[in-house]
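1. Next one to model:
(4 chains, ligands or ions: 2)
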Amino acid sequence: MDRHSLPRPGAAGVVSRHRELGLTDAEFELIVEKLGREPNDVELAMFSLLWSEHCAYKHSRKLLRRLPTEGERVVMGPGENAGAVDVGGGYAVAFKVESHNHPSAVEPFQGAATGVGGILRDVFALGARPIAILDSLRFGELDSPRSRFLLDGAVRGIGHYGNSIGVATVGGEIYFERPYEHNCLINAMCVGLAKREEMVRAAATGVGNAVVLMGAATGRDGIGGASVLASAELGEGDDAKRPTVQIGDPFEESKLLECCLELLEQGLLVSLQDLGAAGLTSSAAEMASAGKVGIDLDVTKVPLRETDMEPFEIMVSESQERMLCVVEPANVPAVLVLCEKWQTGAAEIGTVTDSGQIRVLRDGEPVGEMPVEALVDGCPLYELDPAEPAGWIYRNRATLDPDAAPADTLLALLASPNVASKRWAFEQYDSVVGSRTARRPESADAAVLALPEAGNAIAIAIDGNGRRVACDPYAGTVEAVLECAQNLACVGAEPLGLTNCLNFGNPEKPVPAWQLERAVSGLADACEALGVPVVGGNVSLYNEGPEGPIYPTPVVAMVGELPDARLARSSAFLREGDAIALLGPFAPSLAGSQLAKLRGELDAGLPQPDTEAVARACALLRDAIRAGRISSAHDVSDGGLACAIAESAIAAGLGCRVDLQPLRERGCTPDEALFGEGSGGFLISGEREVLVELGGVVLGRVGSGAIELVAGERRVSVTLADVKRSWLSLRHLASPDRSE
Amino acid sequence: MVWGVVQFPGSCDERDAVHACGLAGEARLIWHEERALGGVDAVVIPGGFSYGDYLRAGAIARFSRAMEAVAEFAAGGGPVLGICNGFQVLCEAGLLPGALLRNENLRFVCRQVDLIADGARQSPFLREIEPGERLSIPVKHGEGRYYAPEEMLDEIEANGQVAFRYAPGQNPNGSLRDVAGVLNEGGNVLGLMPHPEHAVDPLTGSVDGLKLFSAASSALANA
Amino acid sequence: MTRARVLIRPKEGILDPQGKAVEQALPALGFEGIEHVRVGRMVELEADDPAQLAALCEKLLANPLIEDYEIESLDGTA
Amino acid sequence: MTRARVLIRPKEGILDPQGKAVEQALPALGFEGIEHVRVGRMVELEADDPAQLAALCEKLLANPLIEDYEIESLDGTA
Ligand SMILES: Nc1ncnc2c1ncn2[C@@H]1O[C@H](COP(=O)(O)OP(=O)(O)O)[C@@H](O)[C@H]1O
Ligand SMILES: [Mg+2]
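-> Ligands and ions are numbered 1, 2, ... in the order given. Next up is the predicted model:
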């Protein structure tokens, strides 16, 4: 028997089977109670998936209720396939981030590729054309061959899918930290654009309407995969839980995407839903639940890639590139004709009923029948049992001498993988397809996309520094939200909405539970303070390795609006002679900083950011950028002010002279002034009077050739060439012998 | 002047090509199953991953019905521009010499590069570009390494069929003799790996690519 | 020195997007009656010690999670 | 139905970066004495009429400018 499939009837006692499928005894009892009988195989498989952490949010749903989700611009909020905000001109922007961590730890190329494929479907399920992809990746340190293997595969996989389907990958982030060694994080984001009146929801409605499955044929892909797998730690040698690897086919998805959008444009669909984790089971159940109807599905009508599949296998298969839609019977022939045009599969596999049940049929005979309500909302939600750890629970490793000269410290920071240029990676992504990308990766703090249809532009930023969240889950998460807001401000954009992916360890353990709870509080408070609604998100728990949980990693993504993409500034200095200033309530500290990491001095605790003051600084900068008053803007983050200055200089090919005395006067040590981190700092350049008028503290001037920094008795003088060499230290990662 | 942009399943840059052509005339999409080009004055085979680029880039698309019509159109002297995947399709179809292989570093590469116009041969697409002129245009491909056997390379060079080369030191894919784009013998068919349709607006990079479209447009107007 | 050939193919049951695309395109090219197309890779090489080759396949040439491989000796003797 | 295998390899003299990448990766993985690595493609299929296959290779599966091909029958008889 295939080790990934469910035991057949009689293969083992029912009781042990539900445990194997990840259900507790109490959950199983509840299912029996709700059905009024014991579930059969098909039903047990379907319940086990929908009642998994991945689908049911058992350990996070209660917490997520704290997030502010309302706002004037919200078109669709949590509960839909993706969130959406109004961008004006009759258009809405849909976006979502999703994790594909566990599949990628098994097969990084396909895991990352199918992660992109999945998030694209969530967005076009709303009737939005995907216009941008972003990726947020976490790996162990680069001295580990396994981390390099995972990194290389993930980057190639994201590029493979996004490039092939013709959606621009416009931004992202990559961090390397030891706690991700055995559990990398692969989060992918998609942003789509839709005419508001052409958007569609996932609710199945209209008793008697047809249910049509579109796209690829169904095989044994990922059976027992993402849903079950994502709900339990992946132990060493835990082969039985490894899924059959899902292979992404971007060509199939490209046809499916065009076909779905054309079907919607012609008004042929009542509703549309992607097939993701838990395949048909979850799509059908969610569509039925949203529309308060029942659905009958006949598995014999599902086009199969392999002939001998059992009903439960068909119901839980996670074969990629499939969508489910509800169609009025009279429109079915027209739907099939369009699918034929796009050479994409289509089969009428069921009907909408008023039974409130999901019925699975084989050749017309029921092989499973469950109340939709029990499947979708019946799973018990659990309280967390959080406990704050006594101190820093992660290991430290020093790689930099604390007495190193400041210039060497700067070069070491610039060369450290978290700070060094990711050009080697993003050059593997098509960032220009679609003719909208006004700010490509690395040219500004946020990606900027022109929306000629709506007459304006959007900016997108994605952030989440797990190391800082590990130091203080509350403050670290607030900082992640603020950093997104700051990134948007740097290009003159105003936040419209936020999405997030909460990547955490095992919520049944006290410390990860505490991290999760504090992080969600931080997320809620920061969004509240900024007035930015949370329009969607995703949760990935049980991210642990043999040494314990990953750094708690809330990945936050924000979409903002700006009136004209041409107004966006770059982070590069613009011209010699411009003044350089620091703007905003920046109070740098070495706590949780990249420098503290290199020195092996990480410890629990972060200063609490002043959210209101940061919000004010963002608004001030945004207005100044929109008024065209500033030459460049860059937020101060990893590696502190010295690294921010070096980045603006490298990007421009210009040097500078800067004196950090004003920070010394605020009580900073030279190290803190140069390399300290924290929210609220903007490095801006432009005309001196303008910067002063904005409240900027002038630090120096843009010059040529060298970077000269003074912080009290500490002086840094380095050539642009040296700085650039350090910053490009990861270039070799794109060499051929690393690719396959 | 009407441009036709051929769309295959898996094409990606067809809307961008329509946009660029629209700056130098009118433009419409031609579905790959159409047998006739509907009287267009020039054809673009756009970038993307037709048929997933499976097997070899362009290998399957070149058999489409629309490509039969394009071959006839080209044989009659009609201007045909193949961009990236379109270049691969035209090589596979035998309308241009050579072949495009996987990039030497085995990686997809997306980067703004400088091209130098070689341009000894007359072509409707090159009339507004001086030989030796430098153009800034993005590349984005995984299979763009231009290859032809030595004798063939000598011959197309001697014939003035090399339209563009990557500027020294900027060859992104290992193309032989830095070849970025080639012409057929008649000069009416041009294929290149860089994307001129993504260089038609300063906001998104540069405007250097626009010259190819406007040149063809004025060439036809004067014809 | 032994000359050897390694054939690498998608595992049974694993989706083969290339094979699928080729198979679907064939009728339009005028080829009827061709089925079960699977596209894989072939690696030809010379090895001092052919006993190494299985390990080479596992570690580098094939991805054992999704691919099967087969080693053929190209010399008269193995 | 005949089962057949088509082997497609880069023509002699054409740079094969995949083969080179394999060679370069060998020492780090502890392999020695492996040389002349060339990476090509393999297509396996079933055909009603095996006589079609040469045409299929010429037209679609291989590009004669850059690739050589070889057809192997996988049934006892050809
Ligand atoms: N961290 C979060 N913050 C806000 N909403 C969330 C979060 N995680 C999940 N959600 C919402 O819960 C719903 C279910 O999410 P998910 O299971 O990821 O959707 P899908 O089934 O489409 O993959 C979605 O509407 C999503 O937006
Ligand atoms: Mg969904």
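
2. Please make it C-alpha for all contacts and neighbour counts, starting now.
-> Noted.

3. Residues touching the longest helix seen in chain B, excluding its own?
-> Scanning chain B for the longest helix, with DSSP state H as the assignment, gives helix B:210-222. For helix B:210-222, contacts defined as CA atoms under 8 Å, 6 or more residues apart in numbering or on different chains pick out B:1, B:20-21, B:23-25, B:41, B:79, B:124-129, B:196-197, B:199-200.

4. In strands only, show me these.
-> Among the contacts of helix B:210-222, DSSP state E puts none in strands.

5. Now list the buried members of those residues.
-> With burial judged by 16 or more other CA atoms under 10 Å in any protein chain shown, the buried subset of those is B:1, B:20-21, B:24-25, B:41, B:79, B:124-129, B:196-197, B:199-200.

6. which ones among those are found in helices?
-> In this view, the buried ones among the contacts of helix B:210-222 that belong to helices under DSSP H are B:Ala20, B:Cys21.

7. which bits of chain A sit near chain B?
-> Residues of chain A found near chain B (CA under 8 Å from any CA of the partner chain) are A:156, A:159, A:164-167, A:250-251, A:254-255, A:342, A:427-439, A:565-566, A:734-736, A:739.

8. Give me the number of neighbouring residues for residue 209.
-> Using chain A. The local packing of A:Asn209 (other CA atoms under 10 Å in any protein chain shown) involves 22 other residues.

9. sorry, should have said chain B
-> B:Gly209: 21 surrounding residues under other CA under 10 Å.

10. likewise the one 5 residues further on?
-> Here the number of neighbours of B:Ser214 (other CA under 10 Å) works out to 22.

11. Read off the pLDDT value for it.
-> pLDDT recorded at B:Ser214 is 96.

12. separation between it and C:Gln24?
-> 39 Å (CA to CA, to the nearest Å).

13. tell me the mean pLDDT for the one helix or strand A:Ala642 maps to?
-> Element membership of A:Ala642 [criterion: DSSP states H and E] is helix A:640-652. Averaged over helix A:640-652, pLDDT sits at 98.

14. so what does that helix touch, helix or strand wise?
-> For helix A:640-652, the helices and strands in contact under the criterion 3 or more CA pairs under 8 Å, 6 or more residues apart in numbering or on different chains; DSSP states H and E are helix A:406-415, strand A:632-635, helix A:670-675, strand A:682-686, strand A:706-711, helix A:720-727.

15. Dump these into a markdown table; add mean pLDDT as well.
-> Converted to a markdown table, the helices and strands packed on helix A:640-652 look like this (pLDDT from 0 to 100):
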| stretch | mean pLDDT |
| --- | --- |
| helix A:406-415 | 98 |
| strand A:632-635 | 98 |
| helix A:670-675 | 97 |
| strand A:682-686 | 98 |
| strand A:706-711 | 96 |
| helix A:720-727 | 97 |
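
16. Between those, which one is closest to ligand 1.
-> Taking CA to the nearest ligand atom, strand A:632-635 is the member of the helices and strands packed on helix A:640-652 nearest to ligand 1, at 25.1 Å.

17. Alpha carbons only: can I get stretch A:277-285 in CSV?
-> Output in CSV follows, covering the C-alpha atoms of stretch A:277-285 (Å, rounded to 0.1, in the frame of the first residue of the first chain):
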residue,chain,number,x,y,z
ALA,A,277,-4.8,22.5,0.7
ALA,A,278,-7.3,19.7,1.1
GLY,A,279,-8.3,20.0,-2.6
LEU,A,280,-11.9,19.3,-3.5
THR,A,281,-12.9,18.7,0.0
SER,A,282,-12.0,22.1,1.2
SER,A,283,-13.1,24.0,-1.9
ALA,A,284,-16.5,22.4,-2.0
ALA,A,285,-17.1,22.6,1.7
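
18. So it, near ligand 1 or not?
-> No: Stretch A:277-285 does not reach ligand 1 (CA under 6 Å from any ligand atom); its nearest approach is 6.8 Å.

19. near ligand 2 at all, that stretch?
-> No: judged by CA under 5 Å from the ion, stretch A:277-285 makes no contact with ligand 2; its nearest approach is 7.5 Å.

20. what mean pLDDT does that stretch have?
-> Mean pLDDT, computed over stretch A:277-285, is 94.

21. now the chain, which segments are flagged as low pLDDT?
-> This is for chain A. Applying pLDDT under 70 to chain A flags residues A:1-15, A:224-243, A:736-740.

22. try chain C instead
-> With pLDDT under 70 as the threshold, chain C has low-confidence stretches at C:76-78.

23. Tell me what A:Cys656 is bridged to.
-> Note on A:Cys656: beta-bridge partners A:Val702, A:Ile707, judged by DSSP bridges.

24. Contacts only, for it.
-> By CA under 8 Å, 6+ apart, the neighbours of A:Cys656 are A:Ala649, A:Gly700, A:Arg701, A:Val702, A:Gly703, A:Ser704, A:Gly705, A:Ala706, A:Ile707, A:Glu708.

25. Just name the closest of the residues you listed to chain C, please.
-> Comparing those against chain C with CA to the nearest CA picks out A:Ala649 as the nearest, at 41.2 Å.

26. Test my guess that that closest one contacts A:Ser571.
-> No: at 9.0 Å, A:Ala649 does not count as touching A:Ser571 under the criterion of CA atoms under 8 Å.

27. center of chain A - which residue?
-> In chain A, the residue lying closest to the centroid (CA atoms, centre = their mean) is A:Val97, at 3.4 Å.

28. Need phi/psi at the closest residue to that one other than its chain neighbours.
-> Computed as CA to CA, 6 or more residues apart in numbering or on different chains, the closest residue to A:Val97 that is not its neighbour in sequence is A:Met189, at 4.1 Å. Torsion angles at A:Met189 (phi, psi; degrees, to the nearest 10) stand at phi -120, psi 140.

29. Excluding chain neighbours, what is closest to whichever residue of the stretch 451-600 of chain A sits closest to chain C?
-> Of all residues in the stretch 451-600 of chain A, A:Gly545 sits closest to chain C, with a separation of 21.0 Å (CA to the nearest CA). Spatial nearest neighbour of A:Gly545, excluding adjacent residues (CA to CA, 6+ apart): A:His182 at 5.0 Å.

30. On the three-state scheme, the one you found is what?
-> Classification of A:His182 using DSSP: H, G, I helix; E, B strand; the rest coil returns coil.

31. Check the offset of stretch A:544-555 from the chain's centre.
-> Chain-centre distance of stretch A:544-555: 16 Å, with CA atoms, centre = their mean, to the nearest Å.

32. gap between the two ends of that stretch?
-> Counting by CA to CA, you get 17 Å between the two ends of stretch A:544-555.

33. Can you list the buried residues in it?
-> Going by neighbour count (16+ other CA under 10 Å), the buried part of stretch A:544-555 is A:Glu544, A:Gly545, A:Gly548, A:Pro549, A:Ile550, A:Tyr551, A:Pro552, A:Thr553, A:Pro554, A:Val555.

34. and for it, what are the contacting residues?
-> With CA under 8 Å, 6+ apart as the test, stretch A:544-555 has contacts from A:136, A:179-183, A:233-235, A:462-467, A:469-470, A:473, A:477, A:480, A:500-506, A:512, A:515-516, A:519, A:542-543.

35. if you look at the residues you listed, which of them are in helices?
-> Using DSSP H, the subset of the contacts of stretch A:544-555 located in helices is A:Gly466, A:Arg467, A:Val469, A:Ala470, A:Pro473, A:Thr477, A:Ala480, A:Pro512, A:Gln515, A:Leu516, A:Ala519.

36. which of those tops the neighbour count?
-> Ranked by neighbours (other CA under 10 Å), the ones in helices among the contacts of stretch A:544-555 are led by A:Thr477, which has 32 neighbours.

37. residues contacting that one?
-> Residues counted as contacts of A:Thr477 (CA under 8 Å, 6+ apart) are A:Gly464, A:Val469, A:Ala519, A:Val520, A:Gly522, A:Leu523, A:Pro554.

38. Good, wrapping up.
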